[in-house]
Structure formats: structure tokens, C-alpha cells
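Q: Okay, sequence plus prediction incoming.
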Amino acid sequence: MTDFQKDILAGIPDPLPAPRPYDPQANHAPKRKDILTDEEKKLALANALRYFPEKYHAELAPEFLEELKTYGRIYMYRLRPQYEMYARSIDEYPARSRQAAAIMLMIQNNLDKAVAQHPHELITYGGNGAVFQNWAQYRLAMKYLAEMTDEQTLVMYSGHPLGLFPSHKDAPRVIVTNGMVIPNHSSQDDWERFNAMGVSQYGQMTAGSYMYIGPQGIVHGTTITVMNAARKRMKEGQKDLRGMLFVTAGLGGMSGAQPKAGNISGVVSITAEVNIAAAEKRHAQGWVDELYSSLDELIPRVRQAVENKEVISFAYVGNVVDLWERLAEENINVDLGSDQTSLHNPWAGGYYPVGYSYEESNRMMAEEPERFHECVRESLRRHVAAVNKLAERGMYFFDYGNAFLLEASRAGADVMGENGRFRYPSYVQDIMGPMFFDYGFGPFRWVCTSGKEEDLEITDRLAAEVLEEMLKESPKEIQGQMEDNLHWIREAKQNKLVVGSQARILYADSEGRTRIALAFNEAIKRGELSAPVVLGRDHHDVSGTDSPYRETSNIYDGSSFCADMAVHNVIGDSFRGATWVSIHNGGGVGWGEVMNGGFGMVIDGSEDSARHIEEMLLWDVNNGIARRSWARNEGAMFAIKRQMERTPLLKVTLPNLADMSLIEKVYNDNK
């Protein structure tokens, strides 16, 4: 048995390891604000100490209190493992259940320093998207996963392993909830308080559900968004997107996909990032081409790149407001604009105010929170003013679902249009919703648990073969989507998308996901693939998320604020063969603003895996199409009718369309 395996099986070690020094080289989470009362701080200490025998309490209590005072949280840095954190081959994990070993692999990938935004604080992306609240939870969860059988289920309660419960082989191995608080206690300060006390966490989407695959996880969606946004700006006779300029912000976890997506789309892109460590990380990984900290140097280089129609990505290490104001001042022709700062988390490191250094902002955030809030609001007002100037000159600006327009409106920025709606669309309203989600296309993904690059290449080839066959018979309504997705998977290897585990993302509909997964299962069965494959998806999908400012923003029947779909989705997945399921409050646009869920499924070449694929993937996509169809979305009505023709047991209630002129007449006649 290896030292790594022994460490996993030990769980929370006894005796305790020595305290570990704070590593200044790591990209750490900012200090959280001091929000707890004295009594709540005592409660936070008691909550932390319950993971340890009483004999250690006198030693740990002052240490944990110091962490709470210094960082605003109790992370239990002492328990951070000595071994390197990364996704190993499935065979390297000590486990009685092959499915549990795959989940251990996925957890470690989420905490890999090459993948995670703040790995020592167990935060994967988005500033606060956590896998666990502290290192005791990590160690205990990994021990449970190593010990469990295929007739047990591990229950995860906002990072806390509640325990192993008897179940059966078709039940999920793990059930995850994150941040599921009572709705009237779901403000941002409530999150700060509950998280500081150690009783709840913000799991984002794929952070707390163990399904993050690095910036690749969003790069396909960002690519098709940029491509289709740019197509709206193409002039007559223009054959490609070269020479178009895309400006945005954020190079953290998910947002790091933007420069790569710009390159794949063929445009010139500028992405602003205030954290030099994040910018340098993406540059070192090959996800951004050139770094600049001076606008005087960047602007001439951008002009040159646009004129020469280069395909290149620039990072501006500085505040995005300075960038937008300079572009507007110099009358630069910007074709596309967006933003992927973590504005779902505006007061805790998601957005930094203009005029202050990164370090000064972090200090103000913790020590002068009200002043910090006002500085952020002022920055948002300036940010929007500069964007508006460029939009008036023809730029197409879209909200990328990070709560930019929502928080800008709360700050008093000029973002409102007619009828109380935002003056700029969400990318889901204009692109992703009507072109992809309504037809069932979403971010399907898989991970090769062998860790072998050659296995990933085989899955790419198998997926491409499936799409090629489907393209021959697909209706005209989805031909464009099929062609873009086929091009994506054919080019995936050369685009060097892998960071962390051997994973791939591919937008596909229900039929595509099912046929691709079955092809993988057969390849495992015949030995062509050397180990099981994990199937999953981003929560940002057809069915997994109810979010009125993003995923369901193109639902106009009044139900965009209802969360039934996400809850239905996770319940249905759990008894149709998912290996693990999750449901979260928050994700993307923020705590209290969205409900979202996801799944993971380990397939191993068995008949059980084939049955789970066919039963679960059909439901996982089509329950969302059914809801979108009932909202009278044209593409969804087409897609669900087509699915019912293929699936005799599927019977979905279809809407009858009312004549709005009749409604207007009746209403006006009866005032």
C-alpha cells in the first residue's frame, strides 16, 4: 500500500499532524469580512472542534480562532495533505467501490492547483465556489469513499460528510447538497455568516458537485457564444470573423476560457484581469497569448492585430474599467463586449473597484466593507457608462450570466431599457437559449479515469463518428448546431484544452449524448478504452438550472423565477442511474438568485451502465425541453415533439397557442 493510500484511509489523522506554514506562493482567497457576533464566533469554534477528539480541543481552539480572525473562516490548514493534489488514475485510489474511486479522482481534480482558483481554501472557481469548507471535511469524505461499497450512499451536506447510509447498487453513491437554506435567509450576508460558522457553503455549480474540468468546462459554450454573437455583426460578403475585436474581463476559473474561445473563434480578444497571479497562470497554461500591464503599450498592439486580422488573445493586467474608458476615449471599434468577473460575489473578491490596487482592495474588503461596497458601485457606474458609449457606436454587448447587469442596476448604473428590462440581452436570451437549450443542446462532458491521453483521443474519435452519422439525418433546424459541434470535437486535441484530468466537453442533445455514451460503454467492454469513463455536464444546461438572469432568461411565460425544473431534474436523475447527484442554491449569478443541479455517472462497459445511460440521459435533457416547450418556446416545442416520435413512452403536455390580438381585444373591451 502506498503512502498516499494510507493517508486517504487514515481520514482525520490521530495523532494530529504539525501545523503547516501559510504558503505565500499560493493564490489565496481574500480575507472574508468580520460578520459574526461574539456568540457566533464561539459557535463557529464549537462547530469546528466537533471533528476532533476532546483531547485535541485545547490545542486546536486557539489555532482555529486565529484562522477565523485572520481569514474570516476556519480552513484547518494544519490538515492540508502533504501529497500532491491532482486527478490520479482510478487504480491508484484505495477503494472497495470502483464508482467511489472515480468520485475521489473528480474531487482531487477540483482541488488541483493547476485547476483550482484558491486551492488551499478548497475553492475551485468563482471566488467562493467551494468543494469543502475545511480540510477535515475533505479527509473524512475521502475516507468514507475509500471504505464504502456499492450498497451504500454517502450524504454530503454543504461540504460536510453526514455519513454512509445503506442503499443499493442502482442508487447514487453520493448525494450532494450545497447552500440549501431557507429562502428568506439567502442574502449574501447570510452566506457570509453561515459559511463563517461552518454550517453551509456556496458550491457554485461544478465546484461543489465534483464535476469541474478546468476552463475547458466553459470554453465550448463561450466559443459558440462568441461565434454566434460575432455572426450578428458580420457584414455582407464577410466570410469569417478575423479582424473583429472582443473585449471582456476575468481570467479566473471559468472566465479563463475567454481568450481561448476568442482564438478558436478567430477574433482578436482583450481580457482584463486585476489579479496578476491569475493572468500569469493562464498565460503559462497557453490560454492567453500576450500579457500587458500598460494600456499605452496594449492599445497600439491591438490596433495592429485588428488591422492585420490576427487571431490572438491579449490580457490586460489591470482594472477593466480603465480598459473600457480608454477604448471609448480613443474611439476604438469594438465589435463584441461582455464581462465575466465574478459579480455574483461582488463584496467578497468577485469584482474590484477602479482606482485601487488589488492588495488595497482586499484590505478594504475585510476592514472597511461599507466603503468597499460604495467603491464597487461607483466602478460599476463608470464601467457601464464606457460600455454604453461603445454600444452607441455599434458594439454588440451581452451579459454573460455573471450578474453584471443585475449588480450594475443595483448600483444605479444606466443599464435599464424600455419596459423595465435591461438594455442589453443575456447571452442565453439571444444565443444559447433559442439556438441551443431549447433544442436540447448543452455542455455534455466526460473524464477518462485512466488518466491516459490516448483514451481521451479514442473518445474524441468515437464522439465525432456519432455526430457524423447524426448530421446525415438531422433536421434543418439543428444542422448549424451539429456542424459547429462536429468541428469542435474534431479540433479539440489541437486546441490543447486539457487542464487537469483527461476530460472533454461537447455540446450535444439528448440523442447525441446517449449515442456517444453508449459508444464509450461498448469501447470499454471490448477493451479499446482501458478504464471506466465518468459522464457529466455543467449545471449550466437545458434542464439543470433555474436562473432568471441566465439559464431561464429566455422563458417569458412568467415562470423564469420558479425552481421546479432543477429540483425535478436531480430527483429524476437519482433513480435512473446517476452515480452521484447534487442540488445547489447559487451558482453563476449568485447565492439566492438561482437553483441548480447536476450529476456524475461512471460507466464501465456493463449492461447496467448501458441501461443507466438510456434511462437517465433521456430524462436529464428532456424534462427541461418539456418545461421550455410549455413556456411556448418554438425550438423546444419542435424538439419535444421530435423526441416523442422517437420515444413511445414519452407523453408531454403541449401548449395551445393563444392569439394575442384576441387577448388584447378582450382585455380592452372589458376594462
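A: Perfect, I can see it now.

Q: and residue 501, how many neighbours does it have?
A: Residues lying near residue 501 (other CB atoms under 10 Å) number 26. Yep, even glycine has a C-beta here, placed from its N, CA and C like the rest.

Q: which residues touch it?
A: Contact analysis of residue 501 by CB atoms under 8 Å, 6 or more residues apart in numbering lists 87, 105-106, 109, 213-214, 447-448, 451.

Q: again, only using 10 Å
A: By CB atoms under 10 Å, 6 or more residues apart in numbering, residue 501 lies in contact with 86-88, 105-106, 108-110, 112, 115, 212-214, 216, 447-449, 451, 456, 534.

Q: now do residue 191
A: By CB under 10 Å, 6+ apart, the contact set of residue 191 is 35, 128, 179, 181, 185, 200-202, 345, 348, 585-586, 590-592.

Q: Selecting buried members of those in ChimeraX, what would you type?
A: In ChimeraX syntax, the buried subset of the contacts of residue 191 is picked out as below (16 or more other CB atoms under 10 Å):
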select :35,128,179,181,200,201,202,345,348,585,586,590,591,592
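
Q: For residue 2, state which of the contacts of residue 191 is nearest.
A: residue 201 (30.4 Å; CB to CB).

Q: Return the residues in contact with the closest one.
A: Counting by CB under 10 Å, 6+ apart, the residues that residue 201 touches are 122-123, 128-134, 137, 157-160, 178-179, 191, 194-195, 207-208, 584, 586.

Q: So which of those are in helices?
A: Counting by DSSP state H, those place 137, 191, 194-195 in helices.

Q: Let me see the contact set for residue 356.
A: Per CB under 10 Å, 6+ apart, neighbours of residue 356: 274, 319, 362-364, 372, 375, 379.

Q: Among the residues you listed, which lie within strands?
A: Among these, the subset assigned to strands under DSSP state E is empty.

Q: right, and out of these, which lies closest to residue 11?
A: Distances from residue 11 to those, taken by CB to CB, are shortest for residue 362, at 33.9 Å.

Q: The closest one reaches residue 372, doesn't it?
A: Yes. Look at residue 362 against residue 372 with CB atoms under 10 Å: they come within range, at 9.4 Å.

Q: what touches both of the two?
A: Shared contacts of residue 362 and residue 372, defined by CB under 10 Å, 6+ apart, are found at 352, 356.

Q: which of these two has more neighbours?
A: Remark: of residue 362 and residue 372, residue 372 carries more neighbours, 23 against 19, as counted by other CB under 10 Å.

Q: now stretch 552-565, how far from the centre of its chain.
A: Offset of stretch 552-565 from its chain centre (CA atoms, centre = their mean, to the nearest Å): 20 Å.

Q: Now do the end-to-end distance for it.
A: Length of stretch 552-565, first residue to last, CA to CA, to the nearest Å: 10 Å.

Q: And it, what's buried?
A: Those would be 552-555, 559-560, 562-563, 565, for stretch 552-565 by 16+ other CB under 10 Å.

Q: among those residues, which two are most distant?
A: Among those, the pair separated by the greatest distance (CB to CB) is 554 and 563, at 16.6 Å.

Q: For residue 380, see how far away residue 412 is.
A: Using CB to CB, to the nearest Å, residue 412 is found at 8 Å from residue 380.

Q: swap in residue 185?
A: Where residue 380 is concerned, residue 185 sits at a distance of 26 Å (CB to CB).

Q: go on, residue 429?
A: Taking CB to CB, one finds residue 429 at 21 Å from residue 380.

Q: so where do the helices sit in the stretch 1-150 of the chain?
A: Listed in chain order, the helices of the stretch 1-150 of the chain (DSSP state H, counting those that start in this stretch) span 3-10, 38-49, 57-71, 98-111, 135-147.

Q: neighbour-wise, which of residue 429 and residue 380 wins?
A: residue 380 (26 against 20).

Q: Can you name the residues that contact the nearest residue to that one once chain neighbours are set aside?
A: Excluding its sequence neighbours, the residue lying closest to residue 380 (CB to CB, 6 or more residues apart in numbering) is residue 411, at 4.1 Å. Each residue near residue 411 by CB under 10 Å, 6+ apart is listed here: 346, 373-374, 376-381, 383-384.

Q: Residue 265 too?
A: Residue 265 neighbours (CB under 10 Å, 6+ apart): 222-231, 240-242, 244, 246, 311, 336.

Q: Now with 6 Å, please.
A: Residue 265 is in contact with 223, 226-227, 241, counting by CB atoms under 6 Å, 6 or more residues apart in numbering.

Q: Let's see the pLDDT reported for it.
A: We have a pLDDT of 91 for residue 265.

Q: Same question for residue 426.
A: So residue 426 comes in at 85 (pLDDT).

Q: if I look at it, how far off is residue 418?
A: Distance of residue 426 to residue 418, given as CB to CB: 16 Å.

Q: So if I had to pick from the two, which one is more boxed in?
A: Higher neighbour count among residue 426 and residue 418: residue 426, with 26 against 6, using other CB under 10 Å.

Q: ok, that one - contacts?
A: 399, 553.

Q: Quick check: phi and psi on it?
A: Backbone geometry at residue 426, expressed as degrees, to the nearest 10, gives phi -70, psi 150.
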